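> coordinates only, sequence not included:
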């Protein structure tokens with residue numbers, strides 16, 4: 001009986017290779033069925049997660065996510081726009097004429113640009129334009145609401161540049177509003193429910209748009225730009241087995257992407273304001289915080305502190321709607337549910353009360369009573385920390401003190417009606433805290449600055465409405481904290497709006513918040 005000839009190493013290698021290839025093809029086939037024909041396999045929901053294949057927050061992640069969620073089957077946006085992506089339907093997509101322009105009646109136009117917070121999605125029956133119409137500003141100003149739900153800063157600025165052309169020579173006031181941080185993050189998204197403009201910086205003060213014109217149908221866009229992966233099984237294995245989350249993050253280029261994102265946001269805002277100034281019109285930025293940020297949860301990436309430093313550095317004025325809510329809560333001790341919608345599609349947007357308070361910030365902008373950087377804003381009732389950006393800004397201030405830098409800063413105004421503002425500047429030798437306590441025009445009542453030293457000494461400075469500016473100098477090394485209080489106009493409990501900084505020397509040991 002003849003014995004079987006032993007198989008050669010090549011034969012074994014071919015057989016093993018064939019088995020591995022067949023296995024890979026089988027896995028790839030089943031995986032593609034799960035991705036693109038989810039009804040045919042039971043585990044499709046488990047593999048239809050874009051984060052398995054691409055690092056979150058990257059453009060490919062968002063495009064694949066949209067594709068896997070069936071966005072390609074959606075019809076065109078109701079108000080598709082080839083550059084902006086979509087509009088609200090409240091203005092003409094070609095001429096940008098607003099539906100309420102006929103109601104101006106000779107009044108000064110106020111052009112409000114922004115997202116769903118500007119559009120008042122939480123209280124459609126009590127929008128900013130309606131609130132203004134009923135107040136004293138309604139006699140001389142009329143607000144045209146160009147807010148569009150889902151917009152990012154890129155779309156807001158692009159629409160703003162078009163409205164500048166529309167209202168040139170008409171003495172309009174332009175308000176570029178944005179939600180910090182959501183609107184800022186959206187600039188990296190090429191798709192958000194529907195195709196949207198994808199911008200990149202073209203220098204520090206200009207942007208350019210990629211992939212124009214935008215197709216009306218989402219499927220056409222996704223077919224063109226959704227990631228094409230030859231082997232989903234190999235990508236899944238590489239991303240989930242061969243790489244750690246840190247390695248995935250590094251490979252995705254997310255750090256560079258975040259840096260580009262900041263450059264794009266800054267360039268979009270500055271290009272709009274450069275054109276505004278060149279045209280000779282007035283305008284300012286209005287900042288919204290969502291409920292979580294309003295409650296003091298930190299903003300990832302310190303968006304607020306960074307954005308305010310950009311605005312301050314380029315002399316772009318701004319107001320914060322969040323301040324009005326914080327001050328109102330301190331005075332009334334009302335729950336946060338009173339300021340934000342809690343149910344339905346409007347959940348998370350301002351309620352009627354929230355809109356009315358945000359309107360106060362808007363009107364402060366008309367009076368040119370602008371805000372300064374968000375330091376520690378802390379109301380005496382509830383001890384709520386608002387504005388995580390304060391931390392890094394104060395660290396920068398403390399660092400400047402130790403390095404002898406000359407850093408001018410302005411704190412927010414204080415008081416129910418904006419009673420005073422504190423401006424402070426470190427001397428070159430960084431040995432004194434020098435400040436100017438200045439009453440605001442038209443303010444009622446008084447404000448008091450309290451400076452406490454490490455030794456426990458207390459120095460108080462009072463400023464009444466209509467009084468002269470007061471120059472204050474305290475040895476810097478002795479300052480433990482300072483606090484700006486608004487004294488009540490009527491019989492109300494005094495409200496403390498600032499509790500800023502422990503000892504500057506504590507910077508060496510890391511920042512801390514010293515409470516009373």
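Yep, that arrived. Every value quoted in this text rests on a predicted model; they were computed, and no experiment measured them. Numbering: from 1, shown residues only.

> below-threshold pLDDT in this protein: ranges please.
Counting by pLDDT under 70, the chain has low-confidence residues at 1-7, 38-44, 182-183, 249-250, 252, 296, 298-302, 330-331, 372-516.

> in it, where's the longest helix?
Using DSSP state H to define each element, the chain has its longest helix at helix 9-36.

> and after that one, which helix or strand comes next?
The first helix or strand that comes after helix 9-36 along the chain, using DSSP states H and E, is helix 44-47.

> and the longest helix of the chain, which residues are buried?
Going by neighbour count (16 or more other Cβ atoms under 10 Å), the buried part of helix 9-36 is 27-28, 30-35. No exception for glycine: its C-beta is placed from N, CA and C like everyone else's.

> so how far is residue 24 from residue 9?
In this structure, residue 9 and residue 24 are 22 Å apart, going by Cβ to Cβ, to the nearest Å.

> do the same with residue 161
Where residue 24 is concerned, residue 161 sits at a distance of 51 Å (Cβ to Cβ).

> ditto for residue 130
Using Cβ to Cβ, one gets 62 Å for the distance from residue 130 to residue 24.

> ok, now residue 46?
Going from residue 46 to residue 24 by Cβ to Cβ gives 19 Å.

> now residue 364
Distance, residue 364 to residue 24, by Cβ to Cβ: 64 Å.

> before we move on, what about residue 80?
The separation that residue 80 has from residue 24, given Cβ to Cβ, amounts to 42 Å.

> residue 196 too?
Remark: distance between residue 196 and residue 24 (Cβ to Cβ) = 37 Å.

> how about the contacts made by residue 282?
If you count contacts by Cβ atoms under 8 Å, 6 or more residues apart in numbering, residue 282 has them with 173-174, 276.

> by neighbour count, which of these wins?
The most crowded member of these, judged by other Cβ atoms under 10 Å, is residue 174 (24 neighbours).

> show me the contacts for it.
111, 113, 160, 163-164, 167, 276, 281-283.

> find the nearest non-adjacent residue to it, please.
In space, and not counting its chain neighbours, residue 174 is closest to residue 283: 3.6 Å by Cβ to Cβ, 6 or more residues apart in numbering.

> residues near the one you found, how many?
Applying other Cβ under 10 Å, we find 23 other residues in the vicinity of residue 283.

> adjacent strands (with direction) for the helix or strand containing it?
Applying DSSP H and E as the criterion places residue 283 in strand 282-289. Strand pairing for strand 282-289, determined by DSSP bridges: strand 173-180 (parallel), strand 318-320 (parallel).

> continuing past the shortest one, what's the next helix or strand?
Okay, so that is strand 318-320. Using DSSP H and E, the helix or strand that follows strand 318-320 in sequence is helix 321-332.

> so for that following helix, what gets flagged as buried?
Burial within helix 321-332, assessed by neighbour count using 16+ other Cβ under 10 Å, is assigned to 321-331.

> could you measure from residue 180 over to residue 265?
With distances defined as Cβ to Cβ, the gap from residue 180 to residue 265 amounts to 10 Å.

> buried ones in stretch 96-115, by neighbour count?
Counting neighbours by 16+ other Cβ under 10 Å, the buried set in stretch 96-115 is 96, 98, 108-115.

> wait, what's in contact with residue 248?
Counting by Cβ under 8 Å, 6+ apart, residue 248 touches 55, 239.

> secondary structure element holding it?
In this assignment (DSSP H and E), residue 248 forms part of helix 245-252.

> so what's residue 191 bridging to?
Once the bridges are assigned, which here means DSSP bridges, residue 191 pairs with residue 195.

> go ahead and confirm it touches residue 63.
Yes - between residue 191 and residue 63 there is a contact at 5.6 Å, judged by Cβ atoms under 8 Å.

> overlap in contacts, the two.
With contacts taken as Cβ under 8 Å, 6+ apart, the residues that reach both residue 191 and residue 63 are 222, 225.

> what touches both of residue 180 and residue 265?
Any residue near both residue 180 and residue 265 by Cβ under 8 Å, 6+ apart counts here, and that gives residue 307.
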